[in-house]
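Undergrad: Please work out how this folds:
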Amino acid sequence: MQVFYIIVDSRDISKLSNLTESHEWKLHSKHAELFGTMQKNDLVLFSKQSSYSWDAILQVKEKQILEIKNNKAKQFREKNKILSVQFKNKNFLSKYQNSFDVPGLSKLRPGAYHLKSTLSAKKPKEIKHENPEKIFSVTKRVKRDKQKVADMKLLYLDKCQICNYSLLLENGKRHSEVHHLRPIGKEGGNDDTDNMIVLCPNHHKAFDFSVLRLDLRGNNVVALDGKEVAKIKFKRNHKLSKENLVYQYYRRNR
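TA: Okay, here's the model as predicted:
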C-alpha cells in the first residue's frame, strides 16, 4: 500500500469539506506522473494549506482520465483538472489520524505528493508489558485476635452498623469489615470489642482516613465539618469505651 498526500489551497477548501460525500478528487495534469503510480487501495491524505494535521484520509477505489471538451465558459482551473481519483465510501481519518507525519506540513505548497521514505509513516511504538519484579521481604505486624473480629461480624450478620449494607460475594458469602476506632499497633489501640465497629468497605475506608467519625457520645456519625450525617446502631451487648471514642474523634489521618 502506497501513501500519497494532497495539500489543498484556499480556493478548494469547499470541495475538501464535501470530499467524504462526493468521494472524488480531480488532479491537475501536471501530476500525471504521480497519478500513474496510484493503485487501488492506496491511501491519500488531505490537508488544508497551512494546516498542521490531516483533514481526511481516504482509500483509492479507482481512477480515470476525464475527457473535458473545450468550453470557453469553463474556468481555466477547471479545464485542467482531468485526472480523477475515486475513493471508497469510508473516511479513514479516525483510524490513521496519528499514523503519518510530514515534517513542516504547514509550510508545504498546495499540490500532490508521494509519501516517500524520507517522509515515512510513523511506526507505532511497540508497548512491552513486563511482569513486575518479585522480591522477598520480611514484615513485622501486630498479631490480631481473629476470633473477636469473627464474633463481631457474626453479631451483626456482616451488616454495616451505619448503612445496614452487606456485600454479597459471588460464592454466596457475605463480606463485612471491622474498624478499630483507635488503630492498634503504632497508635496503641486495644484489640477488643470496645474498640471495634462493623462496617461496609466504603464506610470503613472513610473512617480509616478520618473523613467520618463518631461523635463523643458514640451515637452519631459526623463529617469533617462536624455535621451529623448518619446514625450508628449497636447491639445490646456491644459498647465502645469512652477513651476510644475520644481518641478517634480528635484523630486525623497521618
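Undergrad: Leaving out sequence neighbours, find the closest residue to Pro110.
TA: Asp9 (3.7 Å; C-beta to C-beta, 6 or more residues apart in numbering). The way it works is simple: take the backbone N, C-alpha and C, and place the C-beta from them, glycine included.
Undergrad: whoops, I mixed them up, Phe4
TA: Val44 is the one closest to Phe4 (C-beta to C-beta, 6+ apart), at 4.9 Å.
Undergrad: What's the local residue count around that neighbour?
TA: Residues lying near Val44 (other C-beta atoms under 10 Å) number 22.
Undergrad: Assumed it was part of a helix.
TA: No - according to DSSP: H, G, I helix; E, B strand; the rest coil, Val44 belongs to no helix; its state is strand.
Undergrad: Bridge partners for it, pull those for me.
TA: Counting by DSSP bridges, Val44 forms beta bridges with Phe4, Leu58.
Undergrad: Check what pLDDT it gets.
TA: Note on Val44: pLDDT of 94.
Undergrad: so what's it up against?
TA: Val3, Phe4, Tyr5, Ile6, Trp25, Met38, Ile57, Leu58, Gln59, Val60, Val85, Phe87 (C-beta atoms under 8 Å, 6 or more residues apart in numbering).
Undergrad: same for the host helix or strand of the fourth one, what does it pack against?
TA: For Ile6, the enclosing helix or strand under DSSP states H and E is strand 3-8. Under the contact criterion of 3 or more C-beta pairs under 8 Å, 6 or more residues apart in numbering; DSSP states H and E, strand 3-8 touches strand 43-48, strand 111-114.
Undergrad: Tabulate the contacts of Val44 (a markdown table), appending distance to Asp215, neighbour count and pLDDT.
TA: Converted to a markdown table, the contacts of Val44 look like this (distance: C-beta to C-beta, whole Å; neighbours: other C-beta atoms under 10 Å; pLDDT from 0 to 100):
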| residue | distance to Asp215 | neighbour count | pLDDT |
| --- | --- | --- | --- |
| Val3 | 70 | 19 | 94 |
| Phe4 | 73 | 20 | 95 |
| Tyr5 | 70 | 21 | 95 |
| Ile6 | 72 | 22 | 95 |
| Trp25 | 74 | 23 | 93 |
| Met38 | 78 | 19 | 95 |
| Ile57 | 64 | 23 | 91 |
| Leu58 | 68 | 23 | 92 |
| Gln59 | 69 | 17 | 93 |
| Val60 | 74 | 19 | 94 |
| Val85 | 77 | 22 | 93 |
| Phe87 | 71 | 23 | 93 |
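Undergrad: of these, closest to Pro201?
TA: Relative to Pro201, the closest of those is Ile57; by C-beta to C-beta it sits at 47.8 Å.
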